[in-house]
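K.L.:
everything below, folded, please.
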Amino acid sequence: VQLVESGGGLGQAGGSLRLSCVVSGRTFSNYAMGWFRQAPGKEREFVCAITWSGYSTDYADSVKGRFTISRDNGKNTVYLQMNSLKPEDTAVYYCAAKATFSRRLATTGSEYDYWGQGTQVTVSS
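P.N.:
Residues are numbered from 1 along each chain as shown. Model prediction:
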């Protein structure tokens, strides 16, 4: 399974960016998907996740109400819409895939099976 993120770059505080992650190699709809991020000098942290069906989502408190995760199983793609950006959102963002049909969303990195290479998001104040 290969995951390729795109859409990162430089954003302004209060602005928006949308990340995409295209999955190839296996049936995309067999996987729950998550987004994580890692800022310089910090541990990787959970951002959000979505079930294989897209019916359920979960968000870290730090992004709740600002970020939205969605997926298009026909395009093998998961998205992260980031609004009201803050400088503290600056990080490398990773998408991850977990082979499961469970309705319980995984929020720790060790639960995921596959990872993308990451895309840098930098938010200026």
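
K.L.:
over to Gly41. Which of the three states is it?
P.N.:
Three-state call for Gly41 (DSSP: H, G, I helix; E, B strand; the rest coil): coil.

K.L.:
right, I mislabeled it, should have said Gly74
P.N.:
coil.

K.L.:
neighbours of it, just the number please.
P.N.:
Number of residues near Gly74 (other CB atoms under 10 Å) recorded here: 8. (Each C-beta comes from the backbone N, C-alpha and C, glycine too.)

K.L.:
how near is the spatially closest residue to Lys42 that is not a sequence neighbour to Met33?
P.N.:
Of all residues not flanking Lys42 in the chain, Ala91 sits nearest, at 7.8 Å (CB to CB, 6 or more residues apart in numbering). Counting by CB to CB, to the nearest Å, the gap from Ala91 to Met33 is 18 Å.

K.L.:
neighbour-wise, which of the two wins?
P.N.:
Using other CB under 10 Å, the more surrounded residue of Ala91 and Met33 is Met33, with 29 against 22.

K.L.:
quick check: beta-bridge partners of Ser19?
P.N.:
If you look again at residue 19, you'll see it is Leu, not Ser. Leu80 (DSSP bridges).

K.L.:
is the residue nearest the centre of the chain in a bridge, and if so with what?
P.N.:
In the chain, the centroid-proximal residue (CA atoms, centre = their mean) is Trp35; its distance is 2.3 Å. Note on Trp35: beta-bridge partners by DSSP bridges are Cys48, Cys95.

K.L.:
contacting residues for it?
P.N.:
Listed by CB atoms under 8 Å, 6 or more residues apart in numbering, the contact partners of Trp35 are Leu19, Cys21, Val47, Cys48, Ala49, Ile69, Val78, Leu80, Tyr93, Tyr94, Cys95, Ala96.
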